[in-house]
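*Asks:* Here is the input, now give the coordinates:
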Amino acid sequence: MFEGGELTQKQTRRRRKKQETASYYWVTTRLLRESGPWYSPPITGPDAVVSLVNEHLNLENADREHFVVLYLNSGNQVTAAQVVSIGSLSSTVVHPREVFKTAILTSSMSVIAIHNHPSGDPEPSSEDIAVTKQLVEAGKILGIKVLDHIVIGNKRFWSMRGMKQI
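*Replies:* Have a look, this model is predicted:
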């Protein structure tokens, strides 16, 4: 592993990349928490969420599925936001580990998941509902509430909380 007590060039590159990645996530999270464009008045419902997300990301017109999470404080104000996954035309892969990592790092009280359907139809698929249930269960274990999972389509959206699916 060490040659003559020094790191090889490959090991040095790997170590530098890990440090740069860690620094990037720390800086991004800190900037969003302290002064980012996501700062908003308290979230009052799915309309406010969709408006905020479309203002910054315009998911209605995206050509691939994007899974975004808003992280909220105890006053329901957005303190951080993260694009957790960008998938294909009809799917994206999401794991609770990625969703709740930032929630823990930012001491969030709750999260709101949002993703788009490039087809324009916001009705959630069976996979969307399964992921939502998985996130809700993981959140219960961690003490972080999943307030909603909103699917955005063409000029329409579907709130799973509003439709009693959470």
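*Asks:* if I pick the most centrally placed residue in the chain, what's in contact with it?
*Replies:* Central residue of the chain (CA atoms, centre = their mean): residue 69, 2.5 Å from the mean position. Listed by CB atoms under 8 Å, 6 or more residues apart in numbering, the contact set of residue 69 reads 81-82, 84, 99, 102-103, 111-114. Glycine gets a C-beta too; all of them are placed from N, C-alpha and C.
*Asks:* repeat that for 6 Å
*Replies:* 82, 84, 99, 111, 113 (CB atoms under 6 Å, 6 or more residues apart in numbering).
*Asks:* before we move on, what about residue 83?
*Replies:* Counted by CB under 6 Å, 6+ apart, residue 83 has contacts 66, 68.
*Asks:* can you rerun that using 8 Å?
*Replies:* 57, 66-68.
*Asks:* same question, residue 119
*Replies:* If you count contacts by CB under 8 Å, 6+ apart, then residue 119 has 89-90, 153 around it.
*Asks:* make it 6 Å
*Replies:* Taking CB under 6 Å, 6+ apart as the test, residue 119 contacts no residue whatsoever.
*Asks:* May I see the contacts of residue 83 organised as CSV, with neighbour count, secondary structure and distance to residue 133 added?
*Replies:* Shown next, in CSV, are those (neighbours: other CB atoms under 10 Å; DSSP: H, G, I helix; E, B strand; the rest coil; distance: CB to CB, whole Å):
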residue, neighbour count, secondary structure, distance to residue 133
57, 17, helix, 25
66, 20, strand, 21
67, 22, strand, 15
68, 22, strand, 19
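*Asks:* After the strand or helix carrying residue 99, which helix or strand is next? Please name it.
*Replies:* Element membership of residue 99, judged by DSSP states H and E, is helix 96-105. Later in the chain than helix 96-105, the nearest helix or strand by DSSP H and E is strand 110-116.
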